[in-house]
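>>> Below is the sequence, then the predicted model.
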Amino acid sequence: MTSSPKKRIVILGGSFGGLNAAYELRRLLPKETREIILVSKDERFVYIPSLPWVAMGHQTLEQISFPLAKPLAAQGLEFLHGEVLRVEPEASKVHLEGRTLDYDYLVIATGHRSANEAVPGLGPFDGPGHSLMSPPEAQEARESWKRFIEAPGPVVVGCAPGASCIGPAYEFAFEIDHELKKRRMRHKVPITFVTPEPFLGHFGVGGMGKARQFLEGEFEHRDIRYLTSAAVSRITEQSVELADGKSFESRYALIIPPLAGVRAVAQSPGLANPKGFVPVDEGFRHKSFPNVYVVGVAVAYPPVETTPVPVNFPKTGHMTEQMAKAAAHNIAADIRGGGRLERPPFVECIMDMGDTAAHMLADPVRPPRNRVEMSQGRRWLWAKRLFAPYYLWKMKTGRSWLA
Ligand SMILES: Cc1cc2nc3c(=O)[nH]c(=O)nc-3n(C[C@H](O)[C@H](O)[C@H](O)COP(=O)(O)OP(=O)(O)OC[C@H]3O[C@@H](n4cnc5c(N)ncnc54)[C@H](O)[C@@H]3O)c2cc1C
């Protein structure tokens, strides 16, 4: 804890969770009452939902990102570029290389680490598989895709057992289908989709209205062969193998890995569960340390149900923003008094399908729900394309003209 009359709030992570928490705390707490320090190992904010477009060569990383230092300084928020090594929640301290920060409140928004050790061959830096889970991986997927186009063959797209970020695998399957048709090469590329989900469109949330029928119809219409309850057990340069002995030839395999919490959080005593995710209450406050809040992918949520092959609960950027705003509201309530926000998040997302897109909404995310919506059309493709630069502007300026 600090001895200053100002409360020091340290935020770990400069992405959806960290930036939204910082802007909201700035808005809710008068300047003289708070000191906000955002620590991130990455110097840039990257609009992660556009990574499939980077992999397809439609956008560059430069176009979907901006450096954090200037916009944060312009808002009177301190930015510290550095890697957190460990948190000491008993002492309210964060340890970085060569520096220790005391805090009154901590917001952890450090996202995930890809648990590539779960399946031999998950890649791209640990094995021959490709991935979309981070900017360098999307860049690698792009370079390899360019080489693949020169010598096409079978493709396998999907998710490994225990995956939670399933939507991007569908997007990638639809986008390559569209791209190959544009190039008049689709007839040279059999596409197989393998997923641990018990049915298409389960998404780790137990399904979303008519998403199942919709995705089955689209895959059948587009000649994308699919296998559900599939447990990918090995990826090689030539194949994707399943635990039941099935094997699919593959010249290009993009398999989304299961996720874990980042090592700095996983290795901080008393903070996280064995996977490195952090259990929180309904207001995103740590269950043992009341001055620690956790938002986004770093939060521990149990799966919605037991499935034959494990599928984990997703935490989207849209959900992360809601969590960050609620956590900021609750920290402000801890400091200034007032009611707490404890609403379960809802999910709204647009799935790019190359030539069209699908819009899905489920409120709350976890069934049973008050509201489920799904529709498809080119208007959603345009909405997705326009939303990306809007969101970059919003994160750069801390302003917003949508609710
Ligand atoms: C390909 C893809 C497509 C997606 N599409 C969508 C979509 O269409 N819609 C949607 O709502 N969601 C989408 N998502 C999900 C969305 O990107 C995530 O929910 C969101 O990025 C989570 O934000 P976060 O702040 O929790 O973590 P992250 O975005 O993972 O950010 C973590 C931050 O913590 C920092 N950090 C990590 N470790 C340390 C450390 N030790 N020290 C200091 N800093 C550290 C990182 O530098 C980074 O700034 C997609 C995800 C992927 C991978």
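Structure received.
>>> how about the residue minimising distance to the centre of the chain, phi and psi?
Central residue of the chain (CA atoms, centre = their mean): Thr316, 5.3 Å from the mean position. Backbone geometry at Thr316, expressed as degrees, to the nearest 10, gives phi -80, psi 170.
>>> need the contact list for it.
Thr316 makes contacts with Gly167, Val347, Cys349, as judged by CB atoms under 8 Å, 6 or more residues apart in numbering. C-beta: built from backbone N, CA, C; applies to glycine.
>>> can you put those in CSV and add secondary structure and distance to the ligand?
Compiled in CSV, the contacts of Thr316 are given as follows (DSSP: H, G, I helix; E, B strand; the rest coil; distance: CB to the nearest ligand atom, whole Å):
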residue, secondary structure, distance to the ligand
Gly167, helix, 6
Val347, strand, 8
Cys349, strand, 5
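>>> Pull the contacting residues for Val39.
For Val39, the residues meeting the contact criterion (CB under 8 Å, 6+ apart) are Val10, Ile11, Leu12, Gly13, Gly14, Leu80, His81, Gly82, Val84, Val94, Leu96, Leu101.
>>> near the ligand, which residues of the stretch 151-300 of the chain?
Applying the criterion CB under 6 Å from any ligand atom, the portion of the stretch 151-300 of the chain that neighbours the ligand consists of Cys165, Gly167, Pro168, Val262, Ala264, Gly296, Val297, Ala298.
>>> how close does the fourth one get to Pro67?
Val262 sits 21 Å away from Pro67, going by CB to CB, to the nearest Å.
>>> Which members of the contacts of Val39 are classed as buried?
With burial judged by 16 or more other CB atoms under 10 Å, the buried subset of the contacts of Val39 is Val10, Ile11, Leu12, Gly13, Gly14, Leu80, Val84, Val94, Leu96, Leu101.
>>> Those residues also near the ligand: which ones?
Restricting the buried ones among the contacts of Val39 to contacts with the ligand (CB under 6 Å from any ligand atom) yields Leu12, Gly13, Gly14, Val84.
>>> Need the phi and psi values for the first one.
Its backbone dihedrals place Leu12 at phi -100, psi 110, with angles given as degrees, to the nearest 10.
>>> do the last one as well
Phi and psi for Val84, reported as degrees, to the nearest 10, are phi -70, psi 130.
>>> need the contact list for it.
For Val84, the contacting residues are Leu12, Val39, Lys41, Val94, His95, Leu96, Thr110, Ala264, by CB under 8 Å, 6+ apart.
>>> Keep only those of those that are in helices.
Taking DSSP state H, the ones among those that sit in helices are Ala264.
>>> from the contacts of Val84, which ones fall inside strands?
Judged by DSSP state E, the contacts of Val84 include Leu12, Val39, Val94, His95, Leu96 as members of strands.
>>> coming back round to it: can you tell me which of the contacts of Val84 is nearest Asp363?
Distance from Asp363 was checked for each of the contacts of Val84 by CB to CB. The minimum falls on Thr110, at 26.8 Å.
>>> could you list every residue that touches that closest one?
Taking CB under 8 Å, 6+ apart, one finds Leu12, Gly13, Val84, Gly261, Val262, Ala264, Val265, Ala298 in contact with Thr110.
>>> now do 10 Å
In this structure, Thr110 makes contact with 12-15, 17-18, 39-41, 84, 87, 261-266, 276, 278, 294-298, judged by CB atoms under 10 Å, 6 or more residues apart in numbering.
>>> How many residues are close by the closest residue to Ile108 other than its chain neighbours?
Computed as CB to CB, 6 or more residues apart in numbering, the closest residue to Ile108 that is not its neighbour in sequence is Val294, at 4.5 Å. Val294 is surrounded by 30 other residues when neighbours are defined as other CB atoms under 10 Å.
>>> Then Ser40?
The burial metric for Ser40, expressed as a neighbour count using other CB under 10 Å, is 25.
>>> Would you check that my belief about it contacting Leu96 is correct?
No: taking contacts as CB atoms under 10 Å, Ser40 lies outside contact range of Leu96: 11.0 Å.
>>> which residues are in contact with both of those two?
With contacts defined as CB under 10 Å, 6+ apart, the residues shared by Ser40 and Leu96 are Leu12, Leu80, Gly82, Glu83, Val84.
>>> which one of the residues you listed sits closest to the ligand?
When the shared contacts of Ser40 and Leu96 are ranked by distance to the ligand (CB to the nearest ligand atom), Val84 comes first, at 3.6 Å.
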